[in-house]
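Engineer: Could you look at this predicted model? Sequence included:
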Amino acid sequence: MTHPSGLDHDTGLYHPERPARLKAAAEGLRQSGVAIEEVTAVPLEAADLQIVHDPLYIEAIRRFCEAGGGDLDPDTHVSSGSWAAAVAAAGAGPTAVDRLERGFGGPAVVTVRPPGHHALKNRAMGFCLFNNVAITAARLRDAGHRVAIVDWDVHHGNGTQEAFYADPRVLYVSLHQSPFYPYEGLATEIGEGEAAGTTLNIPLPAFTAGDVYRRAYEELVLPALVAFRPDWILVSCGFDAHAGDPLAELRLTEEDYFFLAAALPKLVPADRVIVFLEGGYHLPAIKDSMAAVARALVGEVSLCEPSPFQSPPDSHELLGRVAAVLRGRVVGLT
C-alpha cells in the first residue's frame, strides 16, 4: 500500500526523512520473494483527519503547504507537495482495511511518507504531520473492533499514545530507546481512567540488542497482546533501531525484525495485520529489514544471518526493573 505523492514530500537537502526511503522499502518487498500486490492508497478528505486531529490544525497544515511550506519545527519541514503526500499517507491504512475486509488477503504493508507516530492532535513534530496509524486505529475502534498497536520504532510514539491514553479499546505497546527523543514513554505511563493498563512502554538504554528485545517480547509484549484479545494488530514499524541507523544507538538486525514480525500473525489472522513504515534512515537497513518483515508476516523461514550483538548488562537489568513496574498494572502481566 503506497502512493506516488510520497516522493513529492520535499524535506530539503540532506534531511534524513527523504524520498529514497520509500524506494528502499519497495526494493526490500521485491527482494523478499513474497508475492506482493501493489495498491495505491486512497487519500483522505480533510474532514476524515478529524478523528484524531483538530480541525484548525488540519487547515493550518493545508494552507502552510499550499503557500510553499517551510519549517514547522527544527526537524519537520514541508513543501508544496507535502499536503497531498500527508493525506495519502493518512489514507493508506484505511485503504488497506477496506481491501482486507473485502477478502483480498493479507497482511498489508503500508509504505508511505511522511511518517506519523509523533503527530499530536494539534502539532506536527518528529518528521510527522498526521498520525497515520492512529487514524486507522480510531476508525477500526469506531467500527467496534479492539485494536492493538505495536510500535517498535526507536522513538516513543508520543502522538499515538496521546490519542488512546484514556481509551480502553486500544492497546498501545512501545519498545524504544530511552532517554531519547521525544523524551516520553516511561514505564509508569500505563493509561488513565478506564484505560489504565492498556499502555505498555518498554524504555531501553542505548546499545540494547535483539536478545533483550526478545526477552521483552516473550515476558511482556506477547502476554499483554494475548490478554487484550485484539481483533486487529497495527504496527508502527520503524527501522531506526537497526544497528546501522545513523540517528540512534540500538543494535537490532534484520533477524530481530523477523522475530518481532513473525509473532503477530499467530495472535490474529494474517489479514488483520497492517504494518506502517515509520522511521529508519539507513537505506540498506530499510531494504533488508523490510524483506525480513515481509517474509515473517507470511510465515516463511528467515534468510537472515544471526545477530552478532549482545546487550550490555544494564539493558537486562533495566528490563527487569521495567517488568517489576508493569506487573499487576498492565493487562496480562501478573
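Structural biologist: Noted; the coordinates are in hand. Numbers count the residues shown, from 1 in each chain.

Engineer: So for the protein, the centremost residue is which one?
Structural biologist: When C-alpha atoms, centre = their mean is applied to the chain, the residue found nearest the centroid is residue 236 (1.0 Å).

Engineer: Assign it to helix, strand or coil.
Structural biologist: Secondary structure for residue 236, judged by DSSP: H, G, I helix; E, B strand; the rest coil, is strand.

Engineer: give me every residue that touches the residue lying closest to it once chain neighbours are set aside.
Structural biologist: Leaving aside its sequence neighbours, residue 236 sits nearest to residue 151 (C-beta to C-beta, 6 or more residues apart in numbering; 3.8 Å). C-beta: built from backbone N, CA, C; applies to glycine. Residues near residue 151 by C-beta atoms under 8 Å, 6 or more residues apart in numbering: 117, 133, 157, 160, 172-176, 235-236, 238, 278.

Engineer: out of those, which one sits closest to residue 10?
Structural biologist: For the contacts of residue 151, the minimum distance to residue 10 (C-beta to C-beta) is 19.4 Å, reached by residue 278.

Engineer: Residue 66 touches residue 82, doesn't it?
Structural biologist: No: contact criterion C-beta atoms under 8 Å: residue 66 and residue 82 do not qualify, at 9.6 Å.

Engineer: quick one, which of those two is more surrounded?
Structural biologist: Per other C-beta atoms under 10 Å, whichever of residue 66 and residue 82 has more neighbours is residue 82, with 29 against 11.

Engineer: Distance of the nearest residue to residue 103 once chain neighbours are set aside relative to residue 70?
Structural biologist: Closest residue to residue 103 apart from its sequence neighbours, by C-beta to C-beta, 6+ apart: residue 271 at 8.0 Å. Residue 271 is 41 Å from residue 70, where distance means C-beta to C-beta, to the nearest Å.

Engineer: between those two, who's got more neighbours?
Structural biologist: Taking neighbours as other C-beta under 10 Å, residue 271 and residue 70 compare with residue 271 leading, 18 against 11.

Engineer: was I right about that one contacting residue 105?
Structural biologist: Yes: the pair formed by residue 271 and residue 105 meets the contact definition of C-beta under 8 Å, at 6.0 Å.

Engineer: Which strands or helices does the helix or strand hosting residue 291 pack on?
Structural biologist: For residue 291, the element it lies in under DSSP states H and E is helix 283-297. Contact here means 3 or more C-beta pairs under 8 Å, 6 or more residues apart in numbering; DSSP states H and E; on that basis helix 283-297 packs against helix 20-31, strand 108-110, helix 254-262, strand 273-277.

Engineer: Please identify which of those is closest to residue 228.
Structural biologist: strand 273-277 (14.8 Å).

Engineer: between that closest one and helix 254-262, how many degrees?
Structural biologist: With axes from the mean of the first three to the mean of the last three C-alpha atoms, to 10 degrees defining the directions, strand 273-277 sits at 140 degrees from helix 254-262.

Engineer: mind listing what's buried in strand 273-277?
Structural biologist: 273, 274, 275, 276, 277 (16 or more other C-beta atoms under 10 Å).

Engineer: pretty sure the last one contacts residue 115?
Structural biologist: Think residue 277. Yes: with contacts counted by C-beta under 8 Å, residue 277 reaches residue 115, the gap being 6.8 Å.

Engineer: Quick check: neighbours shared by these two?
Structural biologist: The contact lists of residue 277 and residue 115 share residue 238, where a contact means C-beta under 8 Å, 6+ apart.

Engineer: that older thread, got the phi/psi numbers for the residue nearest to residue 103?
Structural biologist: Phi and psi for residue 271, reported as degrees, to the nearest 10, are phi -80, psi 20.

Engineer: Might you report the residue contacts of it?
Structural biologist: Residue 271 makes contacts with 100, 103, 105, 106, 107, as judged by C-beta under 8 Å, 6+ apart.

Engineer: if we go to 6 Å?
Structural biologist: Residues counted as contacts of residue 271 (C-beta atoms under 6 Å, 6 or more residues apart in numbering) are 100, 105, 106.

Engineer: So what are the sheet partners of the lengthiest strand in the chain and their directions?
Structural biologist: Counting residues, the longest strand found in the chain (DSSP state E) is strand 170-177. Partner strands and pairing direction for strand 170-177 (DSSP bridges) are strand 147-151 (parallel), strand 199-204 (parallel).

Engineer: Check the gap between residue 163 and residue 195 for me.
Structural biologist: 11 Å.

Engineer: who's more crowded, these two?
Structural biologist: Using other C-beta under 10 Å as the criterion, residue 163 and residue 195 rank with residue 163 on top: 26 against 19.

Engineer: Which residues outside stretch 82-94 are in contact with it?
Structural biologist: 1, 3, 5-6, 8-9, 41-44, 62, 65, 69, 110, 112, 114, 129-130, 132, 135-136, 139.

Engineer: what do you get if the cut-off is 7 Å, keeping everything else the same?
Structural biologist: Stretch 82-94 is contacted from outside by 1-3, 5-6, 8-9, 41-44, 49, 61-62, 65-66, 69, 110, 112-114, 116, 129-130, 132-133, 135-136, 139, 274, 276, using C-beta atoms under 7 Å, 6 or more residues apart in numbering.
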